[in-house]
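Q: One predicted model, sequence on top.
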Amino acid sequence: MAKNQEEMSPIEMKVARQVEYYFGDHNLPRDKFLKEQLQLDDGWVPLETMLKFNRLKSLTTDSTVIVAALQKSKTGLLEISEDQAKIRRCPNKPLPELNDEYKDTLKHKSVYIKGFPLETTLDEIQDWLTGKGTVENIQMRKNLQRQFKGSVFICFDTEESSKQFLQRSDIKSFKDNEMLVLSREDYHAKKIEEKKQSKAETKAKARQEKEDQQKHAEEKEMGLLLGEQTGCLLKFSGELKDVSREDFHVLFSGHGKIKWVDFTRGAKEGTLLFDGNANEAFDKAKEANGGDLKIKDDDVIWEVLKGDVEKEVLKKIIEAQQESYSRSKGKGGRGRGGRRGRGGRNPGRTQYQGKKMKFDSDDEDDAPATTNKRELEDSGDAPAAKVPKTENGS
């Protein structure tokens with residue numbers, strides 16, 4: 001970068017900065033076209049060729065302006081041929097070796113700035129940076145459509161320059177836009193943390209969606225079951241001190257198949273779920289017992305449930321069946337009877353499980369992990385794809 005810039009006109013300053021960028025440490029290693037030109041004449045490149053570079057051509061089409069600008073520049077990066085028709089990078093300033101040490105140095109010299117309006121130009125960013133430190137390179141970060149993303153990486157000449165830049169108070173805004181300014185190290189640490197958070201949120205979202213889908217399926221299944229099973233519930237109540245669930249199976253044996261007994265020993269009421277019409281089973285059992293259906297000589301009040309009451313009770317029974325089935329499946333067996341909500345032991349009958357339901361334990365694997373896409377950002381360290389003509393910071 002030029003010193004004694006008061007001797008240079010504004011256009012000469014821009015020209016010198018642009019040409020020195022072409023031959024600089026950041027662009028030259030990845031500029032295939034320019035490297036090919038260097039092989040033709042011991043590193044010399046005709047100014048006529050340089051004027052074919054779009055950004056330089058937009059600044060000037062006069063080779064004498066280039067010569068004058070480079071003569072006034074104090075960086076010592078380039079030298080001009082005797083006939084002032086060619087330029088080359090000074091042989092005593094070789095390109096650095098692109099090793100880990102060099103990349104680490106670049107990282108410590110670089111800062112990340114976000115908040116520029118998307119229509120911001122490179123010239124505007126360069127003007128904003130004027131007087132804020134010696135800048136080696138400006139990388140305008142772009143998306144796949146080559147559109148500016150509103151953020152840049154700035155590489156300074158030294159790590160100390162980058163630290164001093166970060167401490168400035170006049171870098172917090174650009175055209176009334178609030179700017180985020182971080183060291184490159186802090187930027188990468190921030191991105192790693194954001195990726196972890198995003199991954200956790202994605203997993204949580206997938207898990208929630210899975211649970212919602214399962215809940216929806218269960219609610220749909222419940223609706224179907226409630227619609228299919230009507231007139232199948234028989235409620236009973238009375239002094240049932242010594243009555244067990246097995247006693248109800250004995251009482252209705254041969255009259256109706258009981259699928260579920262919702263009763264706890266010692267309770268005064270409960271409900272029977274029949275595999276068929278509860279009223280028919282009740283009538284048959286009543287007739288078989290002389291018109292007075294008792295259980296262990298205890299008087300019982302019997303009621304076939306209907307309407308909303310039937311649906312509400314049936315819903316609770318189905319939920320209890322599903323819970324019992326899920327628990328027994330999780331234990332690897334059928335589970336034990338004896339608690340409210342389970343059907344009790346009866347080797348001669350088929351345990352009711354309802355329709356096939358989907359439980360958490362049915363799926364051994366979580367939702368498929370999404371393929372990690374490479375972050376659509378140019379680190380600025382690796383060579384770019386084939387670029388016939390490169391521009392400063394683009």
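A: Sure thing, it's come through.
Q: looking at the chain, which residue lies furthest from center?
A: In the chain, the greatest distance from the average C-alpha position (C-alpha atoms, centre = their mean) is reached by G290, at 71.0 Å.
Q: where exactly do the helices run in the stretch 101-250 of the chain?
A: Along the stretch 101-250 of the chain, counting by DSSP state H, counting those that start in this stretch, helices occupy 122-129, 159-166, 184-228, 245-251.
Q: worst average pLDDT in those helices?
A: Between the helices of the stretch 101-250 of the chain, the one with the least mean pLDDT is helix 184-228; it has a mean of 84.
Q: That helix versus helix 159-166: what angle between them?
A: 60 degrees (axes from the mean of the first three to the mean of the last three C-alpha atoms, to 10 degrees).
Q: for helix 184-228, packing partners?
A: helix 100-109, strand 110-114, helix 307-331 (3 or more C-beta pairs under 8 Å, 6 or more residues apart in numbering; DSSP states H and E). Glycine gets a C-beta too; all of them are placed from N, C-alpha and C.
Q: Which of the ones you listed has the lowest mean pLDDT?
A: For these, mean pLDDT drops lowest on helix 307-331, to a mean of 79.
Q: and W44, how many neighbours?
A: By other C-beta atoms under 10 Å, 16 other residues sit near W44.
Q: I'd guessed it sits against R89; true?
A: No - look at W44 against R89 with C-beta atoms under 8 Å: they stay out of range, at 9.8 Å.
Q: Which parts of the chain are strands?
A: For the chain, the strands defined by DSSP state E cover 45-46, 78-80, 86-89, 110-114, 135-142, 148-156, 173-174, 177-178, 180-183, 233-238, 258-262, 269-274, 300-304.
Q: hey, which of those is tucked in deepest?
A: Among the strands of the chain, strand 258-262 has the highest mean neighbour count (mean count of other C-beta atoms under 10 Å), at a mean of 24.
Q: what is the rounded mean pLDDT of that one?
A: Mean predicted confidence for strand 258-262 is 89.
Q: so what does that strand touch, helix or strand wise?
A: Packing partners of strand 258-262 (3+ C-beta pairs under 8 Å, 6+ apart): helix 245-251, strand 269-274, helix 307-331.
Q: how about a cut-off of 10 Å?
A: strand 233-238, helix 245-251, strand 269-274, helix 307-331 (3 or more C-beta pairs under 10 Å, 6 or more residues apart in numbering; DSSP states H and E).
Q: any idea how far the residue lying closest to L98 once chain neighbours are set aside lies from P94?
A: Sequence neighbours aside, P29 is the residue nearest to L98 in space, at 6.3 Å (criterion: C-beta to C-beta, 6 or more residues apart in numbering). As judged by C-beta to C-beta, to the nearest Å, P29 and P94 stand 11 Å apart.
Q: Looking at these two, which is more packed in?
A: Neighbours were tallied for P29 and for P94 using other C-beta under 10 Å; the higher tally belongs to P29 (14 against 9).
Q: Wait, that one touches R89, no?
A: No - under the criterion of C-beta atoms under 10 Å, P29 is not in contact with R89, lying 11.7 Å apart.
Q: Overlap in contacts, the two.
A: L95 (C-beta atoms under 10 Å, 6 or more residues apart in numbering).
Q: what sits up against stretch 7-17?
A: 1-2, 5, 24, 55-56, 58-60, 62, 65-75, 77-78, 123, 126-127, 130, 135, 392.
Q: Next, the buried residues of it.
A: For stretch 7-17, a neighbour-count test (16 or more other C-beta atoms under 10 Å) marks M8, E12, M13, K14, V15, A16, R17 as buried.
Q: Can I get that stretch in CSV? Just the C-alpha atoms.
A: Extracted in CSV, the C-alpha atoms of stretch 7-17 (Å, rounded to 0.1, in the frame of the first residue of the first chain):
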residue,chain,number,x,y,z
GLU,A,7,1.7,12.9,-3.8
MET,A,8,-0.8,10.7,-5.6
SER,A,9,-4.0,11.7,-7.2
PRO,A,10,-7.2,9.7,-6.1
ILE,A,11,-7.1,7.8,-9.4
GLU,A,12,-3.4,6.9,-9.0
MET,A,13,-4.1,5.6,-5.5
LYS,A,14,-6.8,3.3,-6.8
VAL,A,15,-4.8,2.2,-9.7
ALA,A,16,-1.7,1.3,-7.6
ARG,A,17,-3.9,-0.5,-5.0
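Q: how much space between K175 and R141?
A: The separation that K175 has from R141, given C-beta to C-beta, amounts to 18 Å.
Q: Now do the same contact list for K268.
A: K268 neighbours (C-beta under 10 Å, 6+ apart): F236, S237, G238, E239, L240, K241, V243.
Q: partner residues bridging the first one?
A: Read it as F236. G270, W302 (DSSP bridges).
Q: Show the contacting residues for it.
A: By C-beta under 10 Å, 6+ apart, F236 lies in contact with 243, 248, 251, 261, 263, 268-272, 282, 293, 295, 300-303.
Q: ditto for the fourth one
A: E239 makes contact with K268, D298, D299, V300, according to C-beta under 10 Å, 6+ apart.
Q: My guess is the third one contacts G238. True?
A: Yes - distance between D299 and G238: 5.6 Å, which falls inside the contact criterion (C-beta under 10 Å).
Q: Tabulate the helices and strands packed on helix 184-228 in CSV, adding columns for distance to Q147.
A: Shown next, in CSV, are the helices and strands packed on helix 184-228 (distance: least, C-beta to C-beta, whole Å):
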stretch, distance to Q147
helix 100-109, 25
strand 110-114, 15
helix 307-331, 52
